[in-house]
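Chemist: Here is my input, please return the structure:
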Amino acid sequence: MKLYICWGTFKAPRPGGHPCANAYEALTEAGHDPEVIRTYGLGVLGPLNVTRREVKELTGEWTVPVLELDDGTLVKDSKEIVAWARANPASAQEAPAGG
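Modeler: Residues are numbered from 1 along each chain as shown. Okay, the predicted model is just below:
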């Protein structure tokens, strides 16, 4: 899985935390080890932000965070990524079929 973020995966003084850090933290707390792809800068820069071109190609938007699952499924927005991580802990995915 790949997690596209702006840069920080650290706690920020921003009320509610930084969206990219929130997504990363939720995934790691759920036992996932995503490949972190830092896209830098602001999404509002659009095509001037060359590091977000892959995000634009995947989603049609310049904003991050975006989670790309191994099957190609995309989960956009930090709140959606947090919800996905809570609903899909890594241990449950690694459990053998049939118990």
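Chemist: Name the nearest residue to E35, sequence neighbours excluded.
Modeler: Nearest residue to E35, sequence neighbours excluded (Cβ to Cβ, 6 or more residues apart in numbering): K2, at 4.8 Å. Backbone N, C-alpha and C define where each C-beta goes, glycine included.
Chemist: what pairs with the one you found across the strands?
Modeler: Beta-bridge partners recorded for K2 (DSSP bridges): E35, E68.
Chemist: show me the contacts for it.
Modeler: Under the criterion of Cβ atoms under 8 Å, 6 or more residues apart in numbering, the neighbours of K2 are 34-37, 67-68.
Chemist: again, only using 6 Å
Modeler: Under the criterion of Cβ atoms under 6 Å, 6 or more residues apart in numbering, the neighbours of K2 are 35, 37, 68.
Chemist: Over to S78?
Modeler: 19, 22-23, 65.
Chemist: at 8 Å instead, please
Modeler: Remark: with contacts taken as Cβ under 8 Å, 6+ apart, S78 is in contact with 19-20, 22-23, 65.
Chemist: distance of S78 from C20?
Modeler: Using Cβ to Cβ, to the nearest Å, we find S78 at a distance of 7 Å from C20.
Chemist: what sits in contact with each of those two?
Modeler: Common contacts of S78 and C20 (Cβ under 8 Å, 6+ apart): P65.
Chemist: which stretches of this protein aren't confidently modelled?
Modeler: Within the chain, the segments meeting pLDDT under 70 span 92-99.
Chemist: residue boundaries of the strands in it?
Modeler: Assigned by DSSP state E, the chain shows strands spanning 2-5, 35-38, 66-68, 74-76.
Chemist: mind giving me TSV with those strands and columns for distance to P13?
Modeler: Compiled in TSV, the strands of the chain are given as follows (distance: least, Cβ to Cβ, whole Å):
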stretch	distance to P13
strand 2-5	18
strand 35-38	20
strand 66-68	24
strand 74-76	25
